[in-house]
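**Q** sequence unavailable; structure follows:
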């Protein structure tokens, strides 16, 4: 496995692969790998000639009061895990190399960046879209892999790739969960043992939404009614401060006025030092 | 010479060229070719295996009260001229094909888009940067050619390519002028014979700035002093309404407080139905 730190060298290497007709699968990450990441690496391994994992804690997607400085960076462990999954190249640039002095170009996926997390993290998705656009140019992947846990991010990257004609297939991958249902996240490490136990209430609250819809005799049902139970369950987790819990259209991410077909229930909950997100597709086809 | 209208087909074709190791030169245009365009085609012809000219009157770069509807589209003539210059492919997509319903992704080169024309045409350079980013993905050029007449546009495209790591060399090309010095522009066609004659006063005003700097005994000189004569000359053109005439740093496009080294004098002047822009590098190395 090769470690590449220079963006220029990454692009040169990618160029050679493409000239040789080899397909590249890219998994963009911020490091601190868990089973969720590894499942993406393995899928990329199965579907491409070359697998590149980028490890970059992207300053542009953190707000001034967010956890950029404290985000865990267990580089040696990450390198070992990537090697075990058959990754060919870990691209690990410095912030200075990726954002040169005077950087001023931003990619904005407007409507999709506004609701849900976008309302609580101004500029976050602009930072995500921009760095992914840059990685697409540097790595020139045929496929790029993103987890469904960050559903809004996934939709934004899909839309950006379509709108800007990037010749990349954005591949959505299932959320990997702990035994008690908590979605895996590098930020789970911020939780105390007590908070960690309580965090399982988050996926349970989302599950309850699925059940309310399933067993309701009304169709369509109003989101207010559906979300009532989820909100109550979240409020019952000691110390949890939900940013939002919403039912949205899975394509547009716009709030639903009534739930008839498929819907996405999504939440962000602050618990101790962590801000945890999760979502679930609910409703009927 | 081949005409391609479908973005998908363009991308597929470009992919085949790249796989075959052939270099592509792209000249993005809005059609209505004049000698300025043709000089770019010829240069692209000399420096690349394949030459692609895009012809697309980009709605995203026109304001609501601008000349989008009236912009000249002499398609048959353009096609003939491109053929004569040895162009391989004219890419001529529809607005519907290039901006699908629900398009919402925009590329913004922030600081460089603010001064000069950016202050008078809000959203203009966002539209330019976005369409050029799309064309770069669809045509996958090794080199892209832009005239210096649209100097701010050139700087924005250069900066975008650098900031987003596009593997494209942006090649600046000299402004081509009429015999009386007027910079060639498709919009010159909007002028009456009388206005056309008067328009030659615009490059003369810019030239005067160069002379003031050349013959000044002071160094550095204040821009106010330097621009006084240019403004007076522009005001003397009957019917001319200058949007601005400014002395800026040629890299940052920020207004200069004093002129010591190289400077860019740039102007936009409305004359009849036309809005004409021009610029000139002045000062000492």
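**A** Alright, I've got the coordinates. No experiment lies behind these values; they were computed from the predicted model shown.
**Q** what residues does chain A put near chain B?
**A** Residues of chain A lying close to chain B (C-beta under 8 Å from any C-beta of the partner chain) are A:7, A:11, A:15, A:18-19, A:21, A:100, A:103-112, A:129-130, A:133-134, A:137-138, A:159-160, A:162-167. Where you see a C-beta, it was placed from the backbone N, CA and C, and this is true even at glycine.
**Q** so which of the residues you listed sit within strands?
**A** Among these, the ones falling in strands (DSSP state E) are A:105-109.
**Q** closest to residue B:68 among those?
**A** For these, the closest approach to residue B:68 (C-beta to C-beta) belongs to residue A:108, at 22.5 Å.
**Q** ok, now which ones touch that closest one?
**A** Contact partners of residue A:108, counting by C-beta atoms under 8 Å, 6 or more residues apart in numbering or on different chains, are A:126, A:129, B:105-108.
**Q** what's the closest non-adjacent residue to the residue in the stretch 1-150 of chain A positioned nearest to chain B?
**A** Relative to chain B, the nearest point of the stretch 1-150 of chain A is residue A:105 (3.6 Å; C-beta to the nearest C-beta). Leaving out its chain neighbours, the residue that sits closest to residue A:105 by C-beta to C-beta, 6 or more residues apart in numbering or on different chains is residue B:163, at 3.6 Å.
**Q** helix or strand: which one has residue A:144?
**A** strand A:143-147 (DSSP states H and E).
**Q** what does that strand contact?
**A** The contact list for strand A:143-147, computed with C-beta under 8 Å, 6+ apart, reads A:23-28, A:36, A:40, A:43-44, A:47-48, A:132, A:135-136, A:153-154, A:157, A:161, A:168-176.
**Q** can you tell me which of those residues are buried?
**A** When the contacts of strand A:143-147 are checked for burial by 16 or more other C-beta atoms under 10 Å in any protein chain shown, the buried set is A:24-28, A:36, A:40, A:43-44, A:48, A:132, A:135-136, A:153-154, A:157, A:161, A:168, A:170-171, A:173, A:175-176.
**Q** just confirm residue A:187 is within a helix.
**A** Yes. Secondary structure assignment (DSSP: H, G, I helix; E, B strand; the rest coil) places residue A:187 inside a helix.
**Q** check contacts around it.
**A** Residues near residue A:187 by C-beta under 8 Å, 6+ apart: A:67, A:274-276.
**Q** and the furthest pair within the residues you listed?
**A** Using C-beta to C-beta, the contacts of residue A:187 span at most 12.3 Å, a distance reached by A:67 and A:276.
**Q** just curious, which of the contacts of residue A:108 is nearest to residue B:122?
**A** Scanning the contacts of residue A:108 for proximity to residue B:122, where the rule is C-beta to C-beta, the winner is residue B:108, at 11.8 Å.
**Q** and the closest one, bridged to which residues?
**A** residue A:106 (DSSP bridges).
**Q** please tell me how far it sits from residue A:130.
**A** Going from residue B:108 to residue A:130 by C-beta to C-beta, to the nearest Å gives 10 Å.
**Q** please enumerate the shared neighbours of the two.
**A** Taking C-beta under 8 Å, 6+ apart as the criterion, residue B:108 and residue A:130 both touch A:105-107.
**Q** name the member of those that has the highest neighbour count.
**A** Neighbour counts for these, by other C-beta atoms under 10 Å in any protein chain shown, peak at residue A:107, which reaches 28 neighbours.
**Q** shouldn't it be in contact with residue B:106?
**A** Yes. The pair residue A:107 / residue B:106 is scored as a contact, 7.5 Å apart, by C-beta atoms under 8 Å.
**Q** and the most centrally placed residue in chain A, helix, strand or coil?
**A** By C-alpha atoms, centre = their mean, chain A has its centre lying nearest to residue A:150, at 3.0 Å. Put simply, residue A:150 is helix when judged by three-state DSSP.
**Q** what's near enough to touch it?
**A** By C-beta under 8 Å, 6+ apart, the residues touching residue A:150 are residue A:277.
**Q** pull the number of nearby residues for residue A:10.
**A** When neighbours are counted by other C-beta under 10 Å, residue A:10 registers 24.
**Q** got it, and the one 10 residues further on?
**A** A count of nearby residues for residue A:20, using other C-beta under 10 Å, gives 10.
**Q** tell me which other helices or strands the helix or strand hosting residue A:278 touches.
**A** Taking DSSP H and E as the criterion, residue A:278 maps to strand A:274-283. For strand A:274-283, the packing partners by 3 or more C-beta pairs under 8 Å, 6 or more residues apart in numbering or on different chains; DSSP states H and E come out as helix A:193-199, helix A:201-215, strand A:262-271.
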